[in-house]
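> give me a model of this one.
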Amino acid sequence: WDQNGLGRNEMHDLVIDFHDDQIRGSGWDSVGSFTLQGEILTDAQVRIVKQYKNRHQVLYLGQHDGEGTIYGDWALLGDFGTFAMRPSGGFRSSTAPIIELRP
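Residues are numbered from 1 along each chain as shown. Below is the predicted model of the structure:
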């Protein structure tokens, strides 16, 4: 994620699970450890709430590109910026079904 005055901040150990239209995940960044909870809406739109442990929440609104990247804008108490989430080492194999996003 990018923030005015702080620049680009990476999320580490990011794990995101997709089940039906639900998104769940976790990781950590320069603010601290967090969980992700969200949903895939119509037209590949994505809404995710990042909850920092014992701290604040950040709202992420964006879209899924169908290739593994979720990108868009985040907002927190009058502050805002952009974000992109994508796997850096590729996808791990899984028995989970493939989600097909249709416009």
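
> run a quick check on F80 versus G72, I expect a contact.
No: using CB atoms under 8 Å, F80 is not in contact with G72; the gap is 10.8 Å. Where C-beta positions appear, they are placed from N, C-alpha and C, glycine not excepted.

> have a look at those two and say which one is more surrounded.
Neighbours per residue (other CB atoms under 10 Å) separate F80 from G72, with G72 holding more: 17 against 14.

> and for the closest residue in space to R55 that isn't next to it in sequence, the neighbour number?
Closest residue in space to R55, ignoring its immediate chain neighbours: G32 at 6.3 Å, by CB to CB, 6 or more residues apart in numbering. By other CB under 10 Å, the residues close to G32 number 10.

> please apply the same query to the one 4 residues further on.
Applying the criterion other CB under 10 Å, we find 22 residues in the vicinity of L36.

> mind checking how far the residue nearest to it when sequence neighbours are not counted is from G78?
Once flanking residues are discounted, L36 sits nearest to G25: 3.7 Å by CB to CB, 6+ apart. Per CB to CB, to the nearest Å, G25 is found 25 Å from G78.

> tell me which of those two has more neighbours.
Counted by other CB under 10 Å, G25 and G78 do not tie: G25 has more neighbours, with 18 against 5.

> ok, F34 touching K50?
Yes: F34 is within contact range of K50, at 5.0 Å (criterion: CB under 8 Å).

> which of these two has more residues huddled nearby?
K50 (24 against 21).

> name the element that one belongs to?
According to DSSP states H and E, K50 maps onto strand 45-52.

> name the residues that touch that strand?
Applying CB atoms under 8 Å, 6 or more residues apart in numbering, the contact partners of strand 45-52 are 23, 31-41, 57-64, 70, 72, 74.

> among these, which are located in strands?
23, 33-40, 57-64, 70, 72, 74 (DSSP state E).

> what are the bridge partners for the spatially most central residue of the chain, then?
Taking CA atoms, centre = their mean, the centroid of the chain lies closest to M85, which sits 5.5 Å from it. Beta-bridge partners recorded for M85 (DSSP bridges): I70.

> returning to what we had before: for the residue nearest to L36, give me its contacts.
Contacts of G25 (CB under 8 Å, 6+ apart): 14-17, 35-36.
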